[in-house]
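Asker: Okay, here's the prediction I keep looking at, along with the sequence it came from:
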Amino acid sequence: MKGVTLAEFSEFLASQGFPNVVEGDGQVRIAAVNTLDEAGDGDISFLSNPKYTELLSTTKASAVIVGRSVSTPTGPAVMRCDDPYAAVTAAIVRIHGYRSHPSWGIDARACVSADARVGPNANVGPWATIAPGATIGANATLYPGCYVGDGARIGDDVTLFPNVVIYDGAVIGNRVTIHAGSVIGQDGLGYAPRDGRWIKIPQVGRIVIEDDVEIGANCSFDRATLGRTRVGRGTKFSNNVVIGHGAHIGEDCMIVALVGIAGSARIGNHVTLAGQVGVAGHLEIADHVKVGAKSGVASSIKHAGDYMGTPAVEAAAFRRQVSVVHRLPEMKGRLRALEQQVAELRRKLDEAAGR
Amino acid sequence: MKGVTLAEFSEFLASQGFPNVVEGDGQVRIAAVNTLDEAGDGDISFLSNPKYTELLSTTKASAVIVGRSVSTPTGPAVMRCDDPYAAVTAAIVRIHGYRSHPSWGIDARACVSADARVGPNANVGPWATIAPGATIGANATLYPGCYVGDGARIGDDVTLFPNVVIYDGAVIGNRVTIHAGSVIGQDGLGYAPRDGRWIKIPQVGRIVIEDDVEIGANCSFDRATLGRTRVGRGTKFSNNVVIGHGAHIGEDCMIVALVGIAGSARIGNHVTLAGQVGVAGHLEIADHVKVGAKSGVASSIKHAGDYMGTPAVEAAAFRRQVSVVHRLPEMKGRLRALEQQVAELRRKLDEAAGR
Amino acid sequence: MKGVTLAEFSEFLASQGFPNVVEGDGQVRIAAVNTLDEAGDGDISFLSNPKYTELLSTTKASAVIVGRSVSTPTGPAVMRCDDPYAAVTAAIVRIHGYRSHPSWGIDARACVSADARVGPNANVGPWATIAPGATIGANATLYPGCYVGDGARIGDDVTLFPNVVIYDGAVIGNRVTIHAGSVIGQDGLGYAPRDGRWIKIPQVGRIVIEDDVEIGANCSFDRATLGRTRVGRGTKFSNNVVIGHGAHIGEDCMIVALVGIAGSARIGNHVTLAGQVGVAGHLEIADHVKVGAKSGVASSIKHAGDYMGTPAVEAAAFRRQVSVVHRLPEMKGRLRALEQQVAELRRKLDEAAGR
């Protein structure tokens, strides 16, 4: 079996800043990382979420990475460290590495304008289109079916998976990854009402995606009406996220699937928006805010912290509300009982007064 | 007019397990199935949802399929049976059949790797790409612009509508249909925080779509970080659904549009998730659960039944909550009135005590 | 510098029905329209949303369009008019115009069936596919990667951005614009249950998009099971909107991102559905209804007005509910205090009666 011994792997992790202790057979060979329930011989697995503790007894993994104080059954070899999740990340990178891309060079079946510039070692698949005035950076990979519009600028080491569409004039930074089917820079929903009809406002702004951003599949990020839509460095998006025209998203945010951010919203840095969150337009969210799944942010959030609900409030207040709402039918009964008791008291008191 | 007589059609339905009775002219000819309000001469229509009963009086259909006890006005011929909806399904299949696909064979304008295997009678449209190591089953149809990544396996009798993207290593079963623009197997939102930035965790798992699944347009189903994302046999999806990395969906489920299922969720068999439902990660939903539209499932659901709300609770409890919430402003008034009455009683009692 | 003087521009706007007054240097030259915070020398900007009033003090714009009574600091030249938002729309059209499209004619790399009809001056990009029996109107533009299915009809002056998919038989009116990745006419979620499995109902209806509709990116609009799905003239959609089979949307509506409209819903004219709204199937929404973001419409809305919440109620009632829900924990405390007071009163009254 290929791979490394657990002892060798332990040394590697220590060298990466994850000091650890091995219990059991350090000579077991590790060829892959896998989940506790799908792992088999030659796999190393891990326990990070305590929900899965009982899987330690049944896993077929050859070794498991666990926290310092987790009690483990007899079975696989054990590697203990402070942060199993971070350690397993390093393990996956070491053992499996990142995806490598097909090599097309500039495929003869791509449509590359003579007026476009394509950097060295770029990799442009068949059925890709690069319009006049567009720039593609060095080492960029465009999978089949991608479209890069007039004057758009794609940075170095960018990956566009199949059928990604970059509209005219969009600016994509370095090391950006965009998954299949996402669309960057289409017109926003900009119309002025006149006589009961909608007059289209030309959307003449652009969109700027900064370095190290990753965008999931089937997302749609509007260009700005005027000025720009901005996505800050290092921010990561899941799938089917929509960003409205002129919104600004800060750096190192985490935006989960099906989130919608309306036009001209201003989102700070290190913000997390969980799945299906909605953010109304023209408001601000401070740095280090986390908004819980399905919440609707209807007004600005000025302080870091956790928020939930529609309209979103501080998470602790939301949990109190939910708890009380769940007991509302009971409260309604108590209210009715009180009314009867008070009526009875009033009657008795009147009787007493009348004596 | 082509088509069949109503009497012939009645015999056909009976042979399919739908015993029925015809009232009116059995010799009327039926050439198409249509809705009550759009039907015309030669069309057969149906009444299943009682909301539309009044359309029976105005429909121009030549015949209508109704339940055993529905009262019908003079007009079109009537066919009575136990389950009009199931009968009309059989009628549509008989009269209109399923869509047939264009025939490209393997179009010369497709890009099929010499290292890919394509089964007999497969049909690959122009601008499709099949990467090295991919396998396409017999009788599969890939519409234009589809992409099948390295080592992906597409089963027999699969249909991929235009611009579907299957990432490397994904496994698609037999008789699966995927509508246009859907993306299967992209990386999930897997990052580990380090020093305020997000470090990408290579997403080295895969995704397995079992037999007889149908997926709507613009859906995005993540591959797993490790192990696999699984969609069980016979499950059906509407459009713009997102499934997170490592989620497992059971068999024969019905997942409506804009649903989001977070990573590592475990969904049972015969589960219905209505439109815009969200399911949090790392939880379980039992078999035969139905979750109402827009609900947010925040913790495991262990028993079959109907659930609603965010966080989702049993539907009956949710309806009680909604009913009480609607009367909350009134309850607040009653609470204030009680406080005044109690204060007044206290004063009177104190006065009485002071007398 | 190119552009026009502010005085010339003032005359132009007046001629367009926007009477206005210039304060300051009418000879300043205007070359572009921009936002207050991104504007620079040669830009004209505007103030419409009072949230941004303070930006008037810091903008680098050469001129600003403001309301009649807005107080303005010393700085840029000012143009006052009644409706700055409408005036700036006219300004953008005048100065920037609408996007012009690349000119491919019928690109040799498109796949156009010999049995399709393509109107004069149509513009079909590479990697587009036009199936047999399809019709493309005059002056239509199909960007690369678009697919138009068998027998579909695309009107005059239509724009399909890259990778749009139009299924067989769909009808698209004149001057319709569809942004990248949207899919029109796929099968809806139509299945009949039999023996615990889902039997597909052939989706033999079609979809009709009327004139002057604009559809954002990555939307998915189902064809009808029978009859048709309808989108009325002049209605505008943001991104990632889903419309179920057989729904009818009226004219001049505004449908924001991530909205889902279930099958057979009937939406009137001039209806606004804000972001992430859900509309259940088989119900009706009257003309001139506005539904607030994230709301869930669970039953018919018969009267014009503003609605919010899940289930959606009149907006004023919703705001009262939210306000009371926010004070529920406090109300619960008041209820408990009342119970104690009433118990105490009862005890005192009993004591008094016992004296």
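Answerer: Received, thanks.
Asker: pretty sure residue A:215 is in contact with residue A:181, am I right?
Answerer: No: Residue A:215 lies out of contact with residue A:181 (CB atoms under 8 Å); the separation is 10.5 Å. Yep, even glycine has a C-beta here, placed from its N, CA and C like the rest.
Asker: The two: who's more crowded?
Answerer: Between residue A:215 and residue A:181, counted using other CB atoms under 10 Å in any protein chain shown, residue A:181 has the larger neighbour count: 34 against 27.
Asker: The helix of greatest length in chain A packs against which elements?
Answerer: Longest helix in chain A by number of residues (criterion: DSSP state H): helix A:328-354. Helices and strands touching helix A:328-354, by 3 or more CB pairs under 8 Å, 6 or more residues apart in numbering or on different chains; DSSP states H and E, are helix B:315-326, helix B:328-354, helix C:328-354.
Asker: Tell me how far the second one lies from the chain's centre.
Answerer: For helix B:328-354, the gap between its own C-alpha mean and the chain's C-alpha mean amounts to 54 Å (CA atoms, centre = their mean, to the nearest Å).
Asker: follow-up on the earlier one: which one of the helices and strands packed on helix A:328-354 is the most hemmed in?
Answerer: With neighbours defined as mean count of other CB atoms under 10 Å in any protein chain shown, the helices and strands packed on helix A:328-354 peak in mean count at helix B:315-326, which reaches a mean of 16.
Asker: I'd like the distance from that helix to the chain centre, please.
Answerer: That offset, for helix B:315-326, works out to 26 Å (CA atoms, centre = their mean).
Asker: Now that helix - C-alpha only, CSV.
Answerer: The C-alpha trace of helix B:315-326 is given here as CSV (Å, rounded to 0.1, in the frame of the first residue of the first chain):
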residue,chain,number,x,y,z
ALA,B,315,-47.7,21.5,11.9
ALA,B,316,-50.6,21.5,14.3
ALA,B,317,-48.5,23.4,16.9
PHE,B,318,-47.3,25.8,14.3
ARG,B,319,-50.9,26.6,13.3
ARG,B,320,-51.8,27.2,16.9
GLN,B,321,-48.8,29.5,17.2
VAL,B,322,-49.7,31.5,14.1
SER,B,323,-53.3,31.8,15.2
VAL,B,324,-52.2,33.1,18.6
VAL,B,325,-49.6,35.4,17.1
HIS,B,326,-52.3,37.0,14.9
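Asker: Report all helices and strands that that helix contacts.
Answerer: helix A:315-326, helix A:328-354, strand B:305-308, helix C:315-326.
Asker: Adding distance to residue C:297 and mean pLDDT, write those out as a markdown table.
Answerer: A markdown table is the format used below for these (distance: least, CB to CB, whole Å; pLDDT from 0 to 100):
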| stretch | distance to residue C:297 | mean pLDDT |
| --- | --- | --- |
| helix A:315-326 | 21 | 92 |
| helix A:328-354 | 23 | 87 |
| strand B:305-308 | 15 | 98 |
| helix C:315-326 | 12 | 92 |
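Asker: out of these, nearest to residue A:190?
Answerer: When these are compared by CB to CB, helix C:315-326 sits nearest residue A:190, at 24.2 Å.
Asker: quick one: that closest one to helix A:315-326, angle?
Answerer: 100 degrees (axes from the mean of the first three to the mean of the last three CA atoms, to 10 degrees).
Asker: Need the residues that contact helix C:315-326.
Answerer: Helix C:315-326 has contacts (CB atoms under 8 Å, 6 or more residues apart in numbering or on different chains) with A:311, A:313, A:317, A:321, A:325, B:325-326, B:328-329, B:331-332, C:292, C:305-309, C:312-313, C:331.
Asker: angle of it against helix A:328-354?
Answerer: Helix C:315-326 and helix A:328-354 are oriented at 80 degrees to each other (the same axes, to 10 degrees).
Asker: can you list the residues of the stretch 1-150 of chain A near chain C?
Answerer: Proximity of the stretch 1-150 of chain A to chain C, by CB under 8 Å from any CB of the partner chain, involves residues A:111, A:127, A:129, A:131, A:132, A:145, A:147, A:150.
Asker: These in strands, which ones?
Answerer: A:111, A:129, A:147 (DSSP state E).
Asker: If the first one is in a bridge, with which residues?
Answerer: Here residue A:111 shows beta-bridge partners residue A:129, assigned using DSSP bridges.
Asker: one step back: now the helices and strands packed on helix B:315-326 in CSV, with distance to residue C:72?
Answerer: Converted to CSV, those look like this (distance: least, CB to CB, whole Å):
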stretch, distance to residue C:72
helix A:315-326, 40
helix A:328-354, 51
strand B:305-308, 52
helix C:315-326, 34
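Asker: out of the ones you listed, nearest to residue B:276?
Answerer: Per CB to CB, nearest to residue B:276 of the helices and strands packed on helix B:315-326: strand B:305-308, 12.3 Å.
Asker: In the sheet, which strands lie alongside that closest one, parallel or antiparallel?
Answerer: Under the criterion DSSP bridges, strand B:305-308 sits next to strand B:289-291 (parallel), strand B:313-314 (antiparallel) in its sheet.
Asker: okay, the ones you listed, which one's buried deepest?
Answerer: Neighbour counts (mean count of other CB under 10 Å) averaged over each of the strands paired with strand B:305-308 peak at strand B:289-291, with a mean of 23.
Asker: Find out how far that strand is from the centre of the chain, if you would.
Answerer: 13 Å.
Asker: chain center to the helix or strand just after it, what's the gap?
Answerer: Per DSSP states H and E, the first helix or strand lying C-terminal to strand B:289-291 is strand B:296-297. Here strand B:296-297 shows a centroid-to-chain-centroid distance of 17 Å under the convention CA atoms, centre = their mean.
Asker: What is strand B:296-297 packed up against?
Answerer: On a contact count with 3+ CB pairs under 8 Å, 6+ apart, strand B:296-297 meets strand B:278-279.
Asker: re the thing from before, nearest to residue C:351, of the helices and strands packed on helix B:315-326?
Answerer: Per CB to CB, nearest to residue C:351 of the helices and strands packed on helix B:315-326: helix A:328-354, 11.4 Å.
Asker: Low-confidence stretches in chain A?
Answerer: By pLDDT under 70, the low-scoring segments of chain A are A:1-2, A:355.
Asker: Show me it divided up by domain.
Answerer: Following automatic domain parsing, chain A resolves into domains at A:4-95, A:111-316.
Asker: ok, residue A:141 touching residue A:160?
Answerer: Yes: between residue A:141 and residue A:160 there is a contact under CB under 8 Å: 7.0 Å.
Asker: what about the two, which has more around it?
Answerer: Each of residue A:141 and residue A:160 has its neighbours counted (other CB under 10 Å); residue A:160 has more, 30 against 22.
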